[in-house]
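*Asks:* Output the structure for:
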Amino acid sequence: MILALFCLFLPVAAVAESFDNVIQAEIRPGWRMADGTHMAALHMRLAPGWKTYWRAPGDAGIPPQFNWRGASNTTGISVLWPSPEVFWQEGMRSVGYDSDVILPLHVSLRDASADARLRGVIDIGICKDVCLPHRLRVDMTLPASAARPDPAIAAAMADRPISAAEAGVRAVRCKVAPVSGGLSLVTEIDIPGGRGAEAMIETADPQVWVAEPKTRWSGNTLIAETQMRHVNGGVFALDRSGVRITVLRARDAVDIRGCSG
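*Replies:* Numbers count the residues shown, from 1 in each chain. Down below sits the predicted model:
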C-alpha cells in the first residue's frame, strides 16, 4: 500500500515541472452521429515505459477524474473505456494503458445542429518507477459539420469489453457477508475459455472502496473474492444490480453488469 499512498498524496506542486517529454494529450474532434450526439476522444501519447490508469486503477493506481465545467452546448460526456491491461509493480496490481491511448468520449448535445466545445481539466496518474499525479487541460471545438468517422476513435470503440451475453456467460452469483468494518463479496462467474483471466470489481456507489480481488478457477467457474468498505466507515447495503465485474482474458475483456444472490 506504500506505493498507492505515495501516488495519491504526493502534492501536485511537487511535480509541477513539465511532463511534455512523458505525455502529450489532445482532443480528437471526431464526428457528429446520426442520433444527434457527437463522438470525440481524448488522445494521450506516453513515452516508453510510462503508463496511465483505467477507471478502476487498482490499489497501486490513481483513478482519473474528468471536469468538463468549461464545456458548452453539452448535456453529458461519457468515457467509453477500451479494454485495459494489468500491470504488476513491486507485487502490486494496477490496471491501465501504455503507449498510445485513445479514450472515446460520447457527447450528448443541447443543440445537435450547432458546434460544441470540449473544454476541461483531467486529473490522471502517470507511472514508471514511481507514480505521479498529472493535470491535463484540453480545449477543442466539435464541429456540427463533421460527418466522417475517425478511424482511430472507431478502433478504440471496437476494443471495448464485450458483453456477458457475447462472452457466453451463463450465470453470475454474488455471496455477501458482513465482516469487521464492511462486507465480503464472493462472485462466481460461469464463463467459458477464461484460464488465466483477471477480474476487477466495482460498485455503483463511488463511496464504497473495493479491495483487490483474489481470483481462482473451479472448473469453468471464475471465483473472485474481495472486501468492501464505505469511506465514512459506516454500515452500508450492497446493491447487487450495481456490481460491475470486468474479466480480462488473454484475447478480450468481458463487461458483466449485476449478479444474483
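*Asks:* drop to CA atoms for contacts and neighbour counts, all remaining ones
*Replies:* Fine.
*Asks:* Please report the distance of residue 107 from residue 33.
*Replies:* In this view, residue 107 and residue 33 are 10 Å apart by CA to CA, to the nearest Å.
*Asks:* Quickly list what's touching both of those two.
*Replies:* Counting by CA atoms under 8 Å, 6 or more residues apart in numbering, the contacts common to residue 107 and residue 33 are residue 39.
*Asks:* Name the residue in these two with the higher neighbour count.
*Replies:* Set side by side, residue 107 and residue 33 show more neighbours around residue 107, with 24 against 17, by other CA atoms under 10 Å.
*Asks:* For the helix or strand hosting residue 222, which strands pair with it and how are they oriented?
*Replies:* For residue 222, the element it lies in under DSSP states H and E is strand 221-230. Each strand that pairs with strand 221-230, with its direction, by DSSP bridges: strand 182-190 (antiparallel), strand 208-210 (antiparallel), strand 214-218 (antiparallel).
*Asks:* which element follows the longest one toward the C-terminus?
*Replies:* Just to be clear, that refers to strand 182-190. strand 198-202.
*Asks:* who's in contact with that following strand?
*Replies:* With CA under 8 Å, 6+ apart, strand 198-202 has contacts from 56, 210, 212-213, 215, 224, 243-249.
*Asks:* how about a cut-off of 7 Å?
*Replies:* Strand 198-202 has contacts (CA atoms under 7 Å, 6 or more residues apart in numbering) with 210, 213, 215, 224, 243, 244, 245, 246, 247, 248, 249.
*Asks:* Tell me what angle it forms with strand 182-190.
*Replies:* Angle of strand 198-202 versus strand 182-190, following axes from the mean of the first three to the mean of the last three CA atoms, to 10 degrees, is 130 degrees.
*Asks:* quick revisit: in the contacts of strand 198-202, find the pair that's most separated.
*Replies:* Within those, two members stand farthest from each other by CA to CA: 210 and 249, at 20.9 Å.
*Asks:* Quick check: pLDDT value at the closest residue to residue 205 other than its chain neighbours.
*Replies:* Of all residues not flanking residue 205 in the chain, residue 242 sits nearest, at 7.9 Å (CA to CA, 6 or more residues apart in numbering). Per-residue confidence at residue 242 stands at 96 (pLDDT).
*Asks:* Over to residue 11?
*Replies:* 37.
*Asks:* now do the one 4 residues further on
*Replies:* We note a pLDDT of 40 for residue 15 in this prediction.
*Asks:* and what of residue 2?
*Replies:* Predicted confidence (pLDDT) for residue 2: 32.
*Asks:* re earlier: wait, isn't the residue nearest to residue 205 in contact with residue 208?
*Replies:* No. In this structure residue 242 lies outside contact range of residue 208 using CA atoms under 7 Å: 11.7 Å.
*Asks:* Pick out whichever of these two has more residues nearby.
*Replies:* Under the criterion of other CA under 10 Å, the comparison of residue 242 against residue 208 puts residue 208 first, with 18 against 14.
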